[in-house]
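Student: The following comprises the amino acid sequence and a computationally predicted model.
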Amino acid sequence: MDRSLAADLHDALASARELVREWFEEGVEIFERSAGGPKASEARPARAPAGEPTRPADERPGVAAQAPLLPTPSPFGAAPTLEAVREVLGDCTRCRLAEGRTQIVFGDGNPDADLLFIGEGPGEQEDLQGVPFVGRAGELLTSMIERGLGIARSSVYICNIVKCRPPQNRTPLADEVDACRVFLDGQIDAVRPKVIVALGKPATSLLLGRDVSITRVRGTWQEYRGTPLMPTFHPAFVLRQYTTEIRRLVWEDLKAALVRARERGGRFED
Ligand code: SF4
């Protein structure tokens, strides 16, 4: 075989492998042949081959054990403030994520926000700057909020399930989520949003307490501790799969979240 053709084939195969890995990490399980992308209406839960038991989520590569985020008694009182939650959090060492962090990334935005965005954990830039969603994915999220929804980023609140960066940006483990969830619940109780947007498969799975296919649940209303929850793709995934279809789906999810928040009395700065 011609050497340059072989090199091209090798590169194409490497790209295809990388693409499949990214889809898998994001929870995409069904592919549409003609368009080359997932279609929510055709998405179905993954099934084990006949005769084989379905593997639990925590045994699958790339999927952390899921700890149900059950309602927990608040140590911050009936009407907590973000300051009170942050004060109790302190210089937290309640889980192993404290060992590798530069700093705690607590949250950012309006303490009275009617829209709350939740990711799974801080990345490299967030860890360095101490603010959630400030890297490239954060810039895209800001653009989606400000240019897409037409509201100021400062009018929403943004945080993560765990407040310290997991090593190599891996998905937080069950005991780490369990150690940190009381602070997430405290933040939600303090902000009292009209609607929560869960960003990506890990955050959605951790909030719902079960392993989800993001293509299956995105765009469908869920609930977390009595608050309507809209799952959508993570901005980092949108950056990697920057197609018109993926952006359209995220746009529809965010629009639905804004409409629902307004229907519930939410107000936003332009
Ligand atoms: S992730 Fe949460 S529980 Fe773990 S050390 Fe950081 S703040 Fe504490």
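Tutor: That came through fine. Numbering: from 1, shown residues only.

Student: In which helix or strand does the residue nearest to Ile246 when sequence neighbours are not counted reside?
Tutor: The shortest distance from Ile246 to any residue other than its chain neighbours is 5.6 Å, reached at Val238 (CB to CB, 6 or more residues apart in numbering). Bear in mind the C-beta positions are built from the backbone N, C-alpha and C, glycine included. Secondary structure assignment for Val238, by DSSP states H and E: helix 235-240.

Student: residues of that helix that come out buried?
Tutor: Judged by neighbour count using 16 or more other CB atoms under 10 Å, the buried positions of helix 235-240 are 235-238, 240.

Student: same for that helix, what does it pack against?
Tutor: Taking 3 or more CB pairs under 8 Å, 6 or more residues apart in numbering; DSSP states H and E as contact, the helices and strands that helix 235-240 lies on are helix 3-26, helix 136-143, helix 244-263.

Student: weakest of these by average pLDDT?
Tutor: Note on the helices and strands packed on helix 235-240: lowest mean pLDDT is at helix 3-26, with a mean of 56.

Student: Quick check: what element follows the helix or strand Val197 falls within along the chain?
Tutor: Val197 belongs to strand 195-199 when assigned by DSSP H and E. Sequence order places helix 201-208 as the next helix or strand after strand 195-199, per DSSP H and E.

Student: pLDDT (mean, whole number) over that following helix?
Tutor: Here the mean pLDDT over helix 201-208 is 96, rounded to a whole number.

Student: With just CA atoms, put that helix into PDB.
Tutor: The C-alpha trace of helix 201-208 is given here as PDB (Å, rounded to 0.1, in the frame of the first residue of the first chain):
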ATOM      1  CA  LYS A 201     -23.600  13.000  31.900                       C
ATOM      2  CA  PRO A 202     -21.500  12.800  35.100                       C
ATOM      3  CA  ALA A 203     -23.300  15.800  36.800                       C
ATOM      4  CA  THR A 204     -26.700  14.500  35.600                       C
ATOM      5  CA  SER A 205     -26.000  11.000  36.800                       C
ATOM      6  CA  LEU A 206     -24.700  12.100  40.100                       C
ATOM      7  CA  LEU A 207     -27.700  14.400  40.700                       C
ATOM      8  CA  LEU A 208     -30.200  11.800  39.700                       C
END
